[in-house]
Each structure stands twice: as C-alpha cells, then as structure tokens.
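[1] sequence first, then the predicted structure, then my questions.
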Amino acid sequence: MSVKTSKKEVEMDKLQNSVQRIILMCSLAAALRYWLMLSKYQSVIANHVEVSTPMNSWKRVSEGLYLLSRNIDPYSGDLLHETPLSLFFYKVLLNVFQQQIHWMFITFDLATGILLFATARKYMSQLYKEENANKSTFSKDALQYLLKPTDLIKSPFHVLLAFLFNPFTLFNCVGYSTTVFHNLFLSLLLFSMVLGIPIIGSVSLALSASMSFYPSILIIPISLYHINIFKSVTKAIIDIIIFIVSVSLITIFCSHYAKDFGYLKNVYGCILTVPDLQPNIGLFWYFFTEMFDHFRDLFIYSFQINATLLYLVPLSIKFRKQPFLLTLALLFIITVFKSYPCVGDVGFVLSLLPCFVHLLNYCQQGFLVGVIFLIASSLAPILWYLWIYCNSANANFYFGVTLAFAIAQIFLLTDVLFAQVKREFILEHGKERKVNGEEGILCLE
C-alpha cells in the first residue's frame, strides 16, 4: 500500500512540476509579448513584409470590419482577403475581449503553444510504445538509438519553448498577424489527430482550409494516422466525410453572411492568381513581377501544383507509416511554396522539430541551416530598408535573401526526411554498413 502511495505521490509531484513549468513559460512569454505590443516597436514589426502580408494583415481586417459595420461590402475592392466566417469570428472575439486586441492575440498564441505541448507529449508516448513493442525486430546493436523515457519529458517542453520564444512566432503575435488564429486551428488539428478524434480534427482542418486552401492536403496524413496508428479505417472515412460536410457548411455560411459569392475572388482568387505582388518571404512575387503576361498562367499552374499536389503522392507513399512526419513535411512544403507566406508559418513548423529528437543523430545539415536562417533573417529587413527607403539596392537583393531563406527550409526538410530513412535502415540492419568488406554509403536513389 505504501509503495502504491509513493508511486502516486511521485506521479503527482511530476505533474505538479510540469504544470508549474508550463505556467512559468507561458507567463514569461505573455509578459514579453505584452511589453513589445505596448512599445514603439509594435508598429515597426506589424508593418514589415516578413510579418504582414495581404492575407494576414490585421489593419485590413479592421478596415473590413469597419466597412461591414457601415453596411458597405468589404469585398467590393481589393482591400480584404479574409473569409466572411473569419470576419464574423474576429467580430465576436473583439466583443469578448472588449477591444483588447493585444490580449486577444496573446491568449490565442499561448493556447497554440499549450496544444502543441500536449500534441508532442501524446505523439512521443505513442512512438515510444510502438518502438518498445517492435524492439524484438530491431538489430541488437541499434537498440541504443531507440527513444528513452527522458525524451518523453524533455521533447514536449522543447516544443513549447520553441514556439513561445521563437522570434518568428513572437513577431507574428506582436505584429497582430491573423496567422495566429490559423496556427491555433492547425495545432488543434494536430492535437486531435494524435488523440484519434476525427470530428475535431476534420472541423479544424476545414477551418484552416477555409482561410487558405493549402492545408486541405493534410486530410491525407490525418487519414493515414488513423489507419496506421489507430488501425481504424472507419475513422479515416469519417475524417473525409466530416471534412467535406464542414467545408460545405462553411461555404454556405460565408455566402449567406456576405450575401453572395463575391468573396471567393478576393479570398481564394487572390491566393490562386497572386494579383498582389507586394514582396514577402515567399517566391511568387519576384517571378511574377518579371513574368511576361502570356507566360503567367503556365507558371501560376506550375507554382500552385508545386505547393500542393506535386510532392503529396510520393511523400505519402514513402512515409505512410510515419504520418506525423508526413504532416511536418507537407507543412514545410506549404510554408515554402505558398503564395503569401510569413514568418509565423515558418515559426509554427520549426516548433514541431523537437518531436523528432530521435532523428538528430542522423541529421547532417543543422549547422548550415542554422547559419542560413540567422543570416537571412538578419539581412532581410536591412536589404528591404536599403531598397525601399534608401534606393541603394533593388529587388534582386531582397529576393536573394528570401531565396536563401527558402533554401534553408528545403535543406532542413530533406535532412529530416533522410534522417528518418537512415534511422530505419540502422534499426533494421544495425550500425555496420560494410558491403563486401568495405564501408558502404547510404544514399537516396
């Protein structure tokens, strides 16, 4: 009886310590965000093109809500690119928070971090149990590379730290970017996915896809997660059905709230055809600034297919047994190749990397990627200032930085995916890589 009591006490102490650490980190993150929001730097951060794009600018949302309050169609011009459902959502939130915008953004950002913490904890626990169950099939000299109990404790906290104190997500929140709300729905999607709750996951995915249609491809890894992890084809089918029904209901609500389907051109038409060529950290703006009009449609189709369908099938086939890693890969691809990306998208994906701590031993480009991230992030605002305000640089300088930033993300993604392949090989065949008595080299073909 005393042994059981002591175990319960130890578990309670661990839980209490975890809660205290979460509260401490969230409090520090909230204080830092609040201080920056009330400082003179808030307007500087909010006006930077790395943070604010035509698709996530709170200034445009505020103007759209004002026009709506005056019974003026906010979609009559080229001002607003948010859906009517998003406008209704923001209107309700402003009433709930009594126009305290800073607390609204801080609350949703912290909620996203906590959801990612819970997601990482559940995912790491599932991965640990799966590896222990299959331990007998692994090579004996590779057992040292399996997950350890300490990883289950450290990794979720590293995810929370990576999200709350990442400069990208920090600036995203301070700059009043509506990507904060998009990230919340994505985190809710991931959380419901690892818990195996199809209703919440599909509705969250539908809400994310309504803001930007790119996340709709995540229905594939969600379905694969239920099939491979929970061994339930039924849940996968329910996912797809609920997603389709949710998208239909959202479309009906939007058309009713906006009184017609004119919003489609401003929201999804803007994402698809890229009419606003304001520079950002993506790749679209530069190419279509220099593009001849008669080539524009061809490259629009090429770029959009590249951001959605091109890598979906091969990655889904290769990593069908690792659906969470597949989700990370697709989120990375969306972030790199979407038409209007921002640093908030990048910060969200980067915060998920501690979930793959077991792949770090096999990654080889971490230093290179880190240096490129640091240099590109530092040079981007400098070259923007030299180009726009000093007229001593041009678009090529700024695009060079955004291109390097995209390359760093691609290098990081390929490094993580190749690390998974190498780890699978070592767990199956062991550390020895000799072929005919000589040291072999593992390479992709």
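    In hand now; what should we look at? This is a predicted model, so every value here is computed, not measured. Numbers count the residues shown, from 1 in each chain.
[2] wait, is Leu368 part of a helix?
    Yes. If the criterion is DSSP: H, G, I helix; E, B strand; the rest coil, then Leu368 is within a helix.
[3] can you give me the neighbour number for the nearest residue to it once chain neighbours are set aside?
    With Cβ to Cβ, 6 or more residues apart in numbering as the criterion, Leu368 has its nearest non-adjacent residue at 6.7 Å, and that residue is Phe411. Quick note: C-beta positions are derived from backbone N, CA and C, even for glycine. Counted with other Cβ atoms under 10 Å, the neighbours of Phe411 add up to 16.
[4] dump the residue contacts of Phe411.
    Counting by Cβ atoms under 8 Å, 6 or more residues apart in numbering, Phe411 makes contact with Gln365, Leu368, Val369, Ile372.
[5] how about the first one, phi and psi?
    The phi and psi values for Gln365, taken as degrees, to the nearest 10, are phi -120, psi 20.
[6] so it touches Ile410, yeah?
    No. Using Cβ atoms under 8 Å, Gln365 is not in contact with Ile410, being 10.4 Å away.
[7] what sits against Asn280?
    So Asn280 contacts Val49, Glu50, Thr53, Tyr340, Pro341, Cys342, Thr402 (Cβ under 8 Å, 6+ apart).
[8] list the ones among those that fall in helices.
    Thr402 (DSSP state H).
[9] filter the contacts of Asn280 to the buried ones?
    Among the contacts of Asn280, the ones that count as buried by 16 or more other Cβ atoms under 10 Å are Val49, Glu50, Thr53, Tyr340, Pro341, Cys342, Thr402.
[10] what is the nearest of these to Leu24?
    Nearest to Leu24 among the buried ones among the contacts of Asn280 is Cys342, at 28.6 Å by Cβ to Cβ.
[11] show me the shaky parts of this protein.
    Along the chain, segments meeting pLDDT under 70 span 1-7, 10-11, 432-445.
[12] let's see if you can find the most crowded of the contacts of Phe411.
    Ile372 (20 neighbours).
[13] how about the nearest residue to that residue, chain neighbours excluded?
    Ala408 (3.9 Å).
[14] can you get me a residue count around that neighbour?
    The number of residues packed near Ala408 is 23, by other Cβ under 10 Å.
[15] same check, this time on the one 4 residues further on
    Leu412 is flanked by 22 other residues according to other Cβ under 10 Å.
[16] surely it and Phe367 touch.
    No. Counting by Cβ under 8 Å, Leu412 stays clear of Phe367, with 11.5 Å between them.
[17] mind checking how far the spatially closest residue to His429 that is not a sequence neighbour is from Phe356?
    If the residues on either side of it in the chain are set aside, His429 comes closest to Ser139, at 6.1 Å by Cβ to Cβ, 6+ apart. From Ser139 across to Phe356, the span is 21 Å (Cβ to Cβ, to the nearest Å).
[18] mind listing the strands for the stretch 1-150 of the chain?
    Counting by DSSP state E, counting those that start in this stretch, no segments of the stretch 1-150 of the chain form strands.
[19] contacting residues for Ser212?
    Met55, His182, Ile271, Lys338.
[20] phi first, then psi, for it.
    phi -150, psi 120.
[21] what count of nearby residues applies to Phe157?
    Count around Phe157 with other Cβ under 10 Å applied: 17.
[22] Tyr257 now?
    Counted by other Cβ under 10 Å, the residues lying close to Tyr257 total 14.
[23] look up how far Phe337 lies from it.
    Per Cβ to Cβ, Tyr257 is found 31 Å from Phe337.
[24] ok, now Leu164?
    For Leu164, the distance to Phe337 equals 27 Å [Cβ to Cβ].
[25] show me which of the two is the more surrounded one.
    It is Leu164, of Leu164 and Phe337, that has more neighbours when counted by other Cβ under 10 Å, with 26 against 23.
[26] quick one, what contacts Leu207?
    Leu85, Phe185, Ser246, Ile250.
[27] and the last one, what element?
    For Ile250, the host element (DSSP states H and E) is helix 233-258.
[28] ok, and for that helix, which residues are buried?
    So for helix 233-258, counting by 16+ other Cβ under 10 Å, buried means Lys235, Ala236, Ile238, Asp239, Ile242, Phe243, Ser246, Val247, Ile250, Thr251, Cys254, Ala258.
[29] likewise for stretch 55-64?
    Across stretch 55-64, burial judged by 16+ other Cβ under 10 Å covers Met55, Asn56, Ser57, Trp58, Arg60, Val61, Gly64.
[30] what about Phe165, neighbour count?
    Phe165 has 15 nearby residues by other Cβ under 10 Å.
[31] name the nearest residue to it, sequence neighbours excluded.
    In space, Phe165 is closest to Ala29, 6.4 Å off (Cβ to Cβ, 6+ apart).
[32] residues contacting the one you found?
    Neighbours of Ala29 in contact, by Cβ under 8 Å, 6+ apart: Asp109, Leu110, Gly113, Leu164, Phe165.
[33] same thing but at 10 Å, please
    Ile106, Asp109, Leu110, Gly113, Leu160, Leu161, Phe163, Leu164, Phe165, Thr169, Leu170, Cys173 (Cβ atoms under 10 Å, 6 or more residues apart in numbering).
[34] rebuild the residues you listed as JSON lines, extending it with distance to Leu283.
    Converted to JSON lines, those look like this (distance: Cβ to Cβ, whole Å):
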{"residue": "Ile106", "distance to Leu283": "31"}
{"residue": "Asp109", "distance to Leu283": "27"}
{"residue": "Leu110", "distance to Leu283": "32"}
{"residue": "Gly113", "distance to Leu283": "29"}
{"residue": "Leu160", "distance to Leu283": "31"}
{"residue": "Leu161", "distance to Leu283": "30"}
{"residue": "Phe163", "distance to Leu283": "25"}
{"residue": "Leu164", "distance to Leu283": "29"}
{"residue": "Phe165", "distance to Leu283": "28"}
{"residue": "Thr169", "distance to Leu283": "22"}
{"residue": "Leu170", "distance to Leu283": "24"}
{"residue": "Cys173", "distance to Leu283": "25"}
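[35] pull out the buried residues from those residues.
    Ile106, Asp109, Leu110, Gly113, Leu160, Leu161, Phe163, Leu164, Thr169, Leu170, Cys173.
[36] greatest separation within those residues: which pair is it?
    Ile106 and Leu161, at 16.9 Å, using Cβ to Cβ across the buried ones among the contacts of Ala29.
[37] got the buried residues for the longest helix along the chain?
    Longest helix in the chain, counting residues (DSSP H): helix 2-38. In terms of neighbour count (16+ other Cβ under 10 Å), helix 2-38 has its buried residues at Ile22, Met25, Cys26, Ala29, Ala30, Leu32, Arg33, Leu36, Met37.
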